[in-house]
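> sequence? don't have it. structure:
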């Protein structure tokens, strides 16, 4: 599993102007089964994506598809980890 951390490089107004393209990117990778959960960080200086993939290289390739990446609007950090435990009621906890 992977945690992808985005840190914005530009003003939030510029991020918001490109948000619809970023959301299309997110939906594409939710549909492909790679993304599990995502959202803006608090405070709004970036975002987090929790993803699954075969390798770090696969995740790096996916990130290159993000308009925030291709337009240089955010820095990306990939954290890989082995998911060894999980809550049985995870959807309930996320929806809170």
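That came through, no problem. Keep in mind the model is a prediction, meaning the values are calculated, not measured.
> show me where the protein has helices.
Secondary structure of the chain (DSSP state H): helices at 12-17, 19-31, 56-63, 67-70, 90-95.
> can you pull the pLDDT of the residue nearest to residue 45 when sequence neighbours are not counted?
Closest residue to residue 45 apart from its sequence neighbours, by C-beta to C-beta, 6 or more residues apart in numbering: residue 8 at 5.7 Å. (C-beta placed from N, C-alpha, C; glycine too.) Note for residue 8: predicted pLDDT of 98.
> Identify the bridge partners of residue 8.
Beta bridges link residue 8 to residue 74, judged by DSSP bridges.
> how much space between it and residue 51?
Separation of residue 8 from residue 51 (C-beta to C-beta, to the nearest Å) stands at 19 Å.
> quick one, which of the two is more surrounded?
residue 51 (22 against 18; other C-beta atoms under 10 Å).
> Tell me the confidence at that one?
For residue 51, pLDDT reads 97.
> you'd agree it is up against residue 34?
Yes. With contacts counted by C-beta atoms under 8 Å, residue 51 reaches residue 34, the gap being 5.2 Å.
> hey, what's in contact with both of the two?
Residues touching both residue 51 and residue 34 (C-beta atoms under 8 Å, 6 or more residues apart in numbering): 59, 62.
> number of nearby residues for residue 35?
Neighbour tally, residue 35, other C-beta under 10 Å: 21.
> now it, nearest residue through space, not along the chain?
Nearest to residue 35 is residue 29, by C-beta to C-beta, 6+ apart, at 4.5 Å.
> Understood, closing this out.
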